[in-house]
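Trainee: my questions concern the predicted model and sequence given below.
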Amino acid sequence: MKLSVISLDTFIGVIVALLAIIFTIIIGWQIVNTIDMRDRMAELEKRQNALIENERLLAENDKLFQKEAYNLHAGICGESAESYIAKESYAEAFAFYHTALHYAILADQKNQLNRVIQLQNLLQLITAGPSINLSSLAIQIKTDMEGIRNTTSYRNCLSEVYEQTMQAFLQKMKSFGLVIPE
């Protein structure tokens, strides 16, 4: 007696067909996920490259802003020196021109040697010690000397003439009772 209209071979065939359909769907799903993942990875890579480019541009802008700030500071110190020259306070003018030289070097200005020559010319005019606070003047000159000596401009072209100028200035200040440590 036959209990079922479906034979065992038919049943196995239907089960195998269903399994094949399920496996095909699963493999298709994995292929779709892989393609989607590649698209997502490509999008993430584009975003990462955009972030890297933005970071590079920000760093360049930061350098430009810093250079502009150094230029501005050098100009302000130069103007301050000019005002001290007008008052015939040449030691103070020397200190401000010296700070202007420091910031001009940091700003990579091209007239650095001319600024050292300005210092030499001022050195000839100094006939009396500074009239402003001696300790603040000494600290500023020492700080600027260290800063200038740590630059490539100093090492490449300014070292000899700068050192001669500063030695003469330090000797002159020492004769007026102001000792600036080197």
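Mentor: Looks like it came in fine.

Trainee: so where do the helices sit in this protein?
Mentor: 8-86, 90-106, 112-125, 134-149, 152-153, 159-175 (DSSP state H).

Trainee: pick the most buried one from those.
Mentor: helix 90-106 (a mean of 24; mean count of other C-beta atoms under 10 Å). All C-beta atoms are positioned from the backbone trio N, CA, C, and that covers glycine.

Trainee: wait, what's in contact with the residue nearest the centre of the chain?
Mentor: Centroid-nearest residue in the chain, with C-alpha atoms, centre = their mean: K63, separated by 4.9 Å. With contact set as C-beta atoms under 8 Å, 6 or more residues apart in numbering, K63 has no partners.

Trainee: in a markdown table, list the helices of the chain along with mean pLDDT.
Mentor: A markdown table is the format used below for these (pLDDT from 0 to 100):
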| stretch | mean pLDDT |
| --- | --- |
| helix 8-86 | 89 |
| helix 90-106 | 88 |
| helix 112-125 | 86 |
| helix 134-149 | 82 |
| helix 152-153 | 80 |
| helix 159-175 | 85 |
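
Trainee: for N121, see how far away the residue nearest to the centre of the chain is.
Mentor: 32 Å (C-beta to C-beta, to the nearest Å).

Trainee: now swap in T152 and tell me
Mentor: The value you get for T152 to N121, if C-beta to C-beta is used, is 25 Å.

Trainee: equivalent analysis for M173, please.
Mentor: 17 Å.

Trainee: do the same with A104
Mentor: For A104 relative to N121 (C-beta to C-beta), the value is 16 Å.

Trainee: from the middle of its chain, how far away would stretch 68-78 be?
Mentor: Relative to its chain's centre, stretch 68-78 lies at 17 Å (C-alpha atoms, centre = their mean, to the nearest Å).

Trainee: do the same with stretch 112-129
Mentor: On C-alpha atoms, centre = their mean, the centre of stretch 112-129 falls 31 Å from that of its chain.

Trainee: how about residues contacting stretch 45-55?
Mentor: By C-beta under 8 Å, 6+ apart, stretch 45-55 touches no other residue.

Trainee: cool, stretch 150-158 as well?
Mentor: I105, L106, D108, Q112, L113, V116, I148, Y162.

Trainee: and the end-to-end length of it?
Mentor: Using C-alpha to C-alpha, to the nearest Å, one end of stretch 150-158 lies 11 Å from the other.

Trainee: buried residues in it?
Mentor: S153, Y154, L158 (16 or more other C-beta atoms under 10 Å).

Trainee: isn't A107 up against G75?
Mentor: No - taking C-beta atoms under 8 Å as the definition, A107 is not a contact partner of G75, at 9.6 Å.

Trainee: gap between Y162 and H102?
Mentor: From Y162 over to H102 (counting by C-beta to C-beta), the distance is 11 Å.

Trainee: appreciated, that's everything.
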